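J.: Fold the stuff below for me.
(one chain, ligands or ions: 1)
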Amino acid sequence: MAIFLLAIGVKRFVERQMTKKHRSPLEYVALTSLALLVAAIAKYPNRAIFTRARPDLKEITADGHPLFGNMIQALTSKENPLVVLNKAFQKRGDIYVITVPYRGRFFMVNHPMYIEYILKTNFNNYIKGKVFGDQLRDILGNGIFVSDQDAWRFHRKTASNIFTTKMYRQLAEGAFTDSARDLCSIFDKAESLSQPVDLQQLFLKLTMDAFGKLTFGIEFNSLLTEGRSEFGDAFDYLTANVDGRVINPLWPILDRLTPGKIGKLKGAIAVLDRYAYSAVHKRRAETEEERMKRPRDLLDHFINHVREDGSMLNDLELRDVFVNFMIAGRDTTALTLTWQFYSLMANPRILKNVLKELDVVLQGSEIYTYEIMMQELPYLKAVFHETLRLYPQVPRNAKECVSDDVLPDGTVVYKGELVAFSTYAMGRNRSVWGEDAEVFCPERWLVDEEDVEKQGSSPATRSTPPQQQQGSNMKGVSPFGKFKMENQFKFNSFNASPRLCLGQTFATLEAMVTSCMLLQKFDFKLVPGQPIPEPKPSATLPMLNPLMTFTTRKQHNKSSMMTTTSRNGDSSLSSSYISV
Ligand code: HEM
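T.: Sure, this is the predicted structure:
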């Protein structure tokens, strides 16, 4: 209606101008602008302004508006952007093209063939680039997630030093077990008050505590503190707010026009900065004697690094390291655990299998060694990976093309254009995962012993039936066969190749230890009447609503309640804390 009225107004204005002999300067400006607008619309009739015409892509290009391309559709859709993406792939196939003003052309791809090409085969030609930088620089600075080439290599190499088997062994039986125990004490308290807990909030606190301590020596103690966490809230606010920036080049203007938004963003960033600088200053002031008393952590590696020119990282650079690693280590594992526990509660058959495996393999033991966690619980490991397949914690990603190139299917991509993929949509792609792609089915990750030997290192197949395998009922050995990792490009929830997630083993181990302890000790039941969980629009994949759950200590475990009193001995947390 508005466009119709505008068109009538323009028509009348033009008609009046045609009959006029003298015009005011304002009318000249209006006429010139109108002529320019008409010329621009004629040049960009269905694509974003300043994008080059690509008649060769006609078949795979989504219809767009003049000058705005596909931006308006994306911004005005009421549906979750991931659901929209998934539907678009289902309708259009494994590649389609959209355009967005000031961002340019996006090749949306949804097949392992493309992922392998951009993440491995021609890795150097597909970088994070300007779009990533523009979107995240105010929060992530120059950290690993927004850097390319030499800067990225430096971050990656320095950080790799801490991810050793020795560290994993210590973590499994130390920090991860301790924090899971803290969670048990909260569940006990909730049960005594007949109150449910919000698993999502608690898992976020759990991973934040463990990660803050292990990487920067920060004692958040958020699990043992009542109420919400200031740091966690600031983080959640920022990750939710960066979502959509890629598709909306107007975000810097819109943020300024939204009352209070800039203040809130700055406030949240200031909270992160405060924690980061305080950790750095504390570390710089540490004596040699104090340093010797604690294990070497991530901050040590970065703070002591001497560059070729003899300089060392300043406080701002260390702040960026902190924020990037917190974003990597906190949300991802916590939210995977949240979706995993939901999936188990929603699938009693699968939960029963997990419990059976824990009974057979652990036989009541609470010693969670690195080797047992990573090798002897194939079914639980399959559940964790199946969760990540359907609920990947980096659900969308994009790479900028450095120089003109040709994708494996022959599609030409020019310098500056973007290739984007959605791990969320690919996990649901039937041509990749089969007809049951949308079904939560851990069995797709399991093979029997014979298959493992026959297949060597080839990708997993569905050759093993989901049922318990014969002959493996022996105590101590999982009755569910062997876990078989998928090809990285098909299962890219941890990214792939040179930029494969550095914390893959860390996250798997933390999730396994936490799941083992919680599932051995507690029964979990969703609070009735909750909506079915759906993703909240964010850079990661949180649930839109809390995951309210009743936790009840298993009968046979009641006697061990004392052993899971939290580390500070406090089992008297108030009810306001529990129902966060
Ligand atoms: C379930 C948990 C996790 C998932 C699903 C996950 C997934 C990912 C993905 C998809 C990327 C690529 C992101 C991009 O392209 O920018 C990535 C990168 C990264 N992850 Fe993770 N991650 C998890 C946990 C962790 C943890 C616990 C850590 C740290 C201990 C970590 C450290 C990193 C780092 C440092 C990178 C950057 C790698 C690079 O660019 O070279 N991640 N992760």
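J.: The closest residue to the ligand within the chain and Ser422, how far apart?
T.: Relative to the ligand, the nearest point of the chain is Gly503 (2.0 Å; C-beta to the nearest ligand atom). C-beta here means a position set from N, CA and C on the backbone, and glycine is covered the same way. Here Gly503 is placed at a distance of 21 Å from Ser422 (C-beta to C-beta, to the nearest Å).
J.: if we can go back for a sec, Phe163 is in contact with the residue of the chain closest to the ligand, correct?
T.: Yes. Between Gly503 and Phe163 there is a contact at 7.2 Å, judged by C-beta atoms under 8 Å.
J.: So which of these two has more stuff around it?
T.: More crowded of Gly503 and Phe163, by other C-beta atoms under 10 Å: Gly503, with 19 against 14.
J.: and Leu193, how many neighbours?
T.: By other C-beta under 10 Å, 13 other residues sit near Leu193.
J.: For it, grab phi and psi.
T.: In terms of degrees, to the nearest 10, the main-chain angles of Leu193 are phi -100, psi 10.
J.: Could you shift the numbering so residue one becomes 878, and keep it that way?
T.: From this message on, residue numbering opens at 878, which makes the last subject Leu1070.
J.: What separation is there between it and Thr1428?
T.: Distance from Leu1070 to Thr1428, by C-beta to C-beta: 11 Å.
J.: what do you get for Pro1375?
T.: 41 Å.
J.: For those two, indicate the residue with more neighbours.
T.: Thr1428 (23 against 12).
J.: Give the full set of residues in contact with the more buried one.
T.: Residues near Thr1428 by C-beta atoms under 8 Å, 6 or more residues apart in numbering: Phe1064, Ala1067, Glu1068, Pro1073, Val1074, Phe1399, Asp1400, Phe1401.
J.: Quick one: neighbours of the nearest residue in space to it that is not next to it in sequence, just the number.
T.: Using C-beta to C-beta, 6 or more residues apart in numbering and skipping residues adjacent in sequence, the residue nearest Thr1428 is Phe1064, 4.0 Å away. Neighbour count for Phe1064, taken as other C-beta under 10 Å: 23.
J.: can I assume Phe1064 sits in a helix?
T.: Yes. Phe1064: assigned to a helix according to DSSP: H, G, I helix; E, B strand; the rest coil.
J.: Which residues are in contact with it?
T.: Applying C-beta under 8 Å, 6+ apart, one finds that Phe1064 lies in contact with Val1074, Leu1395, Lys1398, Phe1399, Thr1428, Arg1430.
J.: and after the helix or strand that contains Val1008, which helix or strand comes next?
T.: Val1008 belongs to helix 1006-1017 when elements are defined using DSSP states H and E. Later in the chain than helix 1006-1017, the nearest helix or strand by DSSP H and E is helix 1026-1037.
J.: Just the buried residues of that following helix, please?
T.: Under the neighbour-count criterion of 16 or more other C-beta atoms under 10 Å, helix 1026-1037 has Trp1029, Phe1031, His1032, Thr1035, Ala1036 buried.
J.: when you check the ligand, which of those residues turn up near it?
T.: Among these, the ones lying near the ligand by C-beta under 6 Å from any ligand atom are Ala1036.
J.: Let me know how buried Leu1048 is, in neighbour terms.
T.: By other C-beta under 10 Å, 21 other residues sit near Leu1048.
J.: next one: the one 4 residues further on
T.: Neighbourhood size, Ala1052 [other C-beta under 10 Å]: 18.
J.: same deal with Asn1372?
T.: Neighbours around Asn1372, by other C-beta under 10 Å: 18.
J.: try Glu1103
T.: Per other C-beta under 10 Å, the neighbour tally for Glu1103 reads 12.
J.: Can I take it that it is in a strand?
T.: No. Counting by three-state DSSP, Glu1103 falls outside a strand, being coil.
J.: Next, it: phi, psi?
T.: The phi/psi pair for Glu1103 (degrees, to the nearest 10) is phi -70, psi 150.
J.: Enumerate every residue touching the residue nearest to Asp933 when sequence neighbours are not counted.
T.: Sequence neighbours aside, Val1289 is the residue nearest to Asp933 in space, at 6.7 Å (criterion: C-beta to C-beta, 6+ apart). The contact partners of Val1289, taken as C-beta under 8 Å, 6+ apart, are Asp933, Asp1281, Asp1282, Val1283.
J.: Name the helix or strand for Thr1429, please.
T.: Assigned by DSSP H and E, Thr1429 falls within strand 1425-1430.
J.: Could you give the average pLDDT over that strand?
T.: The pLDDT scores in strand 1425-1430 average 98.
J.: That strand - which strands sit beside it in the sheet, and in what orientation?
T.: In the sheet, strand 1425-1430 lines up against strand 1074-1075 (antiparallel), strand 1399-1403 (antiparallel) (DSSP bridges).
J.: among those, which is the most enclosed?
T.: Mean neighbours per residue, mean count of other C-beta atoms under 10 Å, is largest over the strands paired with strand 1425-1430 for strand 1074-1075, with a mean of 22.
J.: Give me the nearest residue to Glu1243, chain neighbours excluded.
T.: Residue nearest to Glu1243 in three dimensions, not counting chain neighbours: Met1394, with 6.7 Å by C-beta to C-beta, 6+ apart.
J.: same deal with Leu1424?
T.: Take Leu1424 and drop its neighbours on the chain: the residue closest to it by C-beta to C-beta, 6+ apart is Leu1076, 4.4 Å away.
J.: pLDDT value on that neighbour, please?
T.: At Leu1076, the model reports a pLDDT of 98.
J.: which other helices and strands contact the helix or strand harbouring Leu952?
T.: Secondary structure assignment for Leu952, by DSSP H and E: helix 948-953. The contact analysis (3 or more C-beta pairs under 8 Å, 6 or more residues apart in numbering; DSSP states H and E) places helix 948-953 against strand 972-977.
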